[in-house]
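Dropping the sequence and predicted coords here.
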Protein chains: 2
Amino acid sequence: MDVLNRNNVTVSGPVDGRPVVFSHGFGCDQNMWRLVAPAFADDHRVVLFDHVGAGRSDPSAWQPQRYSSLAGYATDVLEILDELDLRDVVFVGHSVSAMIGVLAANRDPSRFGALVLVGPSPRYVDDGDYRGGFSAQDIEELLDSLDSNYLGWSATMAPAIMGNPGRPELGRELTESFCRADPDIARHFARVTFLSDNRADLARVSVPTLVLQCREDVIAAREVGEFVHRSVPGSELVVLDATGHCPNLSAPEETTKAIRGFLTGQGSTRP
Amino acid sequence: MDVLNRNNVTVSGPVDGRPVVFSHGFGCDQNMWRLVAPAFADDHRVVLFDHVGAGRSDPSAWQPQRYSSLAGYATDVLEILDELDLRDVVFVGHSVSAMIGVLAANRDPSRFGALVLVGPSPRYVDDGDYRGGFSAQDIEELLDSLDSNYLGWSATMAPAIMGNPGRPELGRELTESFCRADPDIARHFARVTFLSDNRADLARVSVPTLVLQCREDVIAAREVGEFVHRSVPGSELVVLDATGHCPNLSAPEETTKAIRGFLTGQGSTRP
């Protein structure tokens, strides 16, 4: 199996640079990092990839069973790191990829030097005192609506997620990205994303972690980011001035600065 | 001049009920209150209207000069209250109508018993230490984009403002409402809305005031609601669990409850 081809892995930057792996969220692909990744390519080994079912990943690699939980995506990440034999990896995961990174780092911490969780949510559905921001009914309606009309759903969902009404080109870009996705796979991935519960995994993280939270985010509210910060031992929380759920697109400089600040403060754990 | 016809004023509820006047925001009309207003009609005199240029207001009443600032809209509100001879009015203003209510109440406090400001912002553009949530460039781009393609702008702007990605029918409803508006008037009203600065008016409010702030709102961020609360003497702040900028549509019960709670706590100032 050609892992690099399966996940359309692209690598740039100096061979001896610290590896930074950027992982995209639902309805997106590695293109989502185009305004952030180049800022690391001078002094980092920059790795980009598309999750199976997204972007230019190998369509034949898609298996409903393997990708019926985030664990399958985490396996892919570990296979990429193994294949490239990367160590001391800075894994930057956006949205659902934040939890994919958590799962991967918990399974094999030896590969990871740092986690950067951009707009993470370990569980979208409210549960007792836990506030994920969505009732079970909200999520059910969201998934029903996706099932019945994927393009229509994307057209309102994406701008709401992007949450930068002053810059409609951003909402349009995310809408187009959503619309490029295969509806069947998107349906499947949405279920996995919005019904996951990874709260218990947070306490097991043993890697230095930065939580990047947007100031106003209707998908991953500030309380959720604070929950992740409280739950991941020793993690740092940075609340970006950016609004919406995609600071990698809407505020790439602020996002880059926060990640760089964290890495500088942390120092490399590389031997 | 027939003020009631000009503003398509509708009145319901008991004649001796305390008057509640609901005032809609940009790109909307009185329909925006359809899930909230009926909950007051048992025991309040409920007044709904459309701002000139919106809904079923009289198109011939539109004058660019009169409506070149929020003061013109405030004049209309006062004319409606005069025409109906209302006193001890609870004025509930959503979004830009919150500031319209502030201006009206400052000009003639004798008519007002309470102000309820739903998602208020006294200034959208950042200014020194003040954080309105938008840079001058953001707002310029927003207005340029509106000018060049109003329907396209509405299609991404409205779902972002609504900010309830789990309930796409809400984003769709607001999009349709925006799209019904006359593009020329919307363009004009957007400039007035997004370029206003009513910060200095807040300190002059002499009427009991409730600030209703959504938990996550990319148009009127929590900091902005807190600023309004700090600036309006003696005001109360309630942070709703609702997300997005339109709790009157997305969380009508919570909105109603918060307003009722405030009015009960306040007691009527009616003689």
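Received it, and whenever you're ready, just let me know what you need. Numbering: from 1, shown residues only, chains lettered A, B, ... in the order given.

CA only for contacts and neighbour counts going forward, please
Will do.

and the residue of the stretch 1-150 of chain A found nearest chain B, what does it touch?
As assessed by C-alpha to the nearest C-alpha, chain B sits closest to residue A:142 within the stretch 1-150 of chain A, at 4.5 Å. Residues near residue A:142 by C-alpha atoms under 8 Å, 6 or more residues apart in numbering or on different chains: B:165-168.

From those, list the ones also adjacent to chain A.
Counting by C-alpha under 8 Å from any C-alpha of the partner chain, B:165-168 from the contacts of residue A:142 sit close to chain A.

Among the residues you listed, which one sits closest to residue A:218?
The closest of these to residue A:218 turns out to be residue B:165 (C-alpha to C-alpha; 7.7 Å).

Is the nearest residue to that closest one once chain neighbours are set aside in a helix, a strand, or coil?
Nearest residue to residue B:165 in three dimensions, chain neighbours excluded: residue A:157, at 4.7 Å (C-alpha to C-alpha, 6 or more residues apart in numbering or on different chains). Classification of residue A:157 using DSSP: H, G, I helix; E, B strand; the rest coil returns helix.

The stretch 1-150 of chain A: strands as residue ranges?
Using DSSP state E, counting those that start in this stretch, the strands of the stretch 1-150 of chain A run over A:10-12, A:18-23, A:44-48, A:89-94, A:112-118.

helices or strands next to the third one in the packing?
Looking back up the chat, that one is strand A:44-48. Packing partners of strand A:44-48 (3 or more C-alpha pairs under 8 Å, 6 or more residues apart in numbering or on different chains; DSSP states H and E): strand A:10-12, strand A:18-23.

With respect to burial, which of the ones you listed scores highest?
Highest mean neighbour count among the helices and strands packed on strand A:44-48 (mean count of other C-alpha atoms under 10 Å in any protein chain shown): strand A:18-23, with a mean of 25.

got the contact list for it?
Contacts of strand A:18-23 (C-alpha under 8 Å, 6+ apart): A:30, A:33, A:37, A:40, A:43-51, A:86-94, A:97.

Sheet partners, orientation included, of that strand?
strand A:44-48 (parallel), strand A:89-94 (parallel) (DSSP bridges).

quick one: low-confidence parts of chain A?
Scanning chain A with the threshold set as pLDDT under 70 gives A:1, A:267-271.

where does it come near chain B, residue by residue?
A:134, A:138-139, A:141-142, A:145, A:153, A:155-168, A:171-172, A:216-219, A:221, A:243-244.

residues touching whatever residue of chain A ends up closest to chain B, list them.
Closest to chain B within chain A is residue A:160: 3.9 Å, counting by C-alpha to the nearest C-alpha. Contacts of residue A:160 were listed using C-alpha under 8 Å, 6+ apart, and they are A:171, A:218, A:244, B:156, B:159-165, B:171.

List just the nearest of the residues you listed to residue A:62.
residue B:165 (26.6 Å).

quick revisit: out of the contacts of residue A:142, name the ones that lie in helices.
residue B:168 (DSSP state H).

Could you save the contacts of residue A:142 as TSV and add columns showing neighbour count?
As requested, those are exported to TSV (neighbours: other C-alpha atoms under 10 Å in any protein chain shown):
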residue	neighbour count
B:165	28
B:166	27
B:167	23
B:168	24
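
so which of the contacts of residue A:142 comes closest to residue A:193?
residue B:166 (13.0 Å).

What sits closest to that closest one if chain neighbours are left out?
Closest to residue B:166 by C-alpha to C-alpha, 6+ apart is residue A:142, at 4.5 Å.

As JSON lines, the helices and strands packed on strand A:44-48 with distance to residue B:198 would be great.
Output for the helices and strands packed on strand A:44-48, formatted as JSON lines (distance: least, C-alpha to C-alpha, whole Å):
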{"stretch": "strand A:10-12", "distance to residue B:198": "50"}
{"stretch": "strand A:18-23", "distance to residue B:198": "43"}
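
So for residue B:122, which of those sits nearest?
strand A:18-23 (38.9 Å).

Specify the angle between that closest one and strand A:112-118 in degrees.
40 degrees (axes from the mean of the first three to the mean of the last three C-alpha atoms, to 10 degrees).

For residue A:75, give me its contacts.
Here residue A:75 is in contact with residue A:104 (C-alpha under 8 Å, 6+ apart).

Over to the one 10 residues further on?
Residues in contact with residue A:85 (C-alpha under 8 Å, 6+ apart): none are found.

likewise residue A:244?
With C-alpha under 8 Å, 6+ apart, residue A:244 has these contacts: A:160-164, A:214-218, A:250, B:218.

do you know how far it is from residue A:211?
15 Å (C-alpha to C-alpha, to the nearest Å).

Check residue A:61 too.
Distance from residue A:61 to residue A:211, by C-alpha to C-alpha: 31 Å.

Kindly report the same for residue A:34.
20 Å.

do residue A:18 as well
20 Å.

Now do the helices in chain A.
A:3-6, A:70-84, A:96-107, A:136-148, A:150-162, A:168-180, A:183-195, A:199-202, A:222-231, A:247-250, A:252-266.

Residue A:15: neighbouring residues, count only.
Using other C-alpha atoms under 10 Å in any protein chain shown, residue A:15 is surrounded by 12 other residues.

Bridged to the closest residue to it other than its chain neighbours, which residues?
Distances taken as C-alpha to C-alpha, 6+ apart put residue A:45 closest to residue A:15, at 6.0 Å, once the chain neighbours are dropped. Beta-bridge partners recorded for residue A:45 (DSSP bridges): residue A:19.

neighbours of residue A:45, just the number please.
Counted with other C-alpha under 10 Å, residue A:45 comes out at 21.

what residues are up against it?
Residue A:45 neighbours (C-alpha under 8 Å, 6+ apart): A:11-20.

how about a cut-off of 10 Å?
A:11-21, A:86, A:89-90 (C-alpha atoms under 10 Å, 6 or more residues apart in numbering or on different chains).

again with residue A:8
A:2, A:29-30, A:48-52, A:54-58.

Of those, which qualify as buried by neighbour count?
Listed as buried from those are A:29-30, A:48-52, A:54-58; burial here means 16 or more other C-alpha atoms under 10 Å in any protein chain shown.

Surely residue A:182 and residue A:52 touch.
No. Using C-alpha atoms under 10 Å, residue A:182 is not in contact with residue A:52, being 11.3 Å away.

anything in contact with each of those two?
In contact with both residue A:182 and residue A:52: residue A:59, using C-alpha under 10 Å, 6+ apart.

what does stretch A:230-240 contact?
Contacts for stretch A:230-240 (C-alpha under 10 Å, 6+ apart): A:102, A:115-119, A:199-216, A:222, A:224-226, A:228-229, A:247, A:251, A:254-255, A:258-259, A:262.

how about a cut-off of 6 Å?
A:202-203, A:209-215, A:229 (C-alpha atoms under 6 Å, 6 or more residues apart in numbering or on different chains).

and that stretch, which residues are buried?
Within stretch A:230-240, judged by 16+ other C-alpha under 10 Å, the buried ones are A:231-233, A:235-240.

Kindly check the end-to-end length of that stretch for me.
Stretch A:230-240: ends 17 Å apart by C-alpha to C-alpha.
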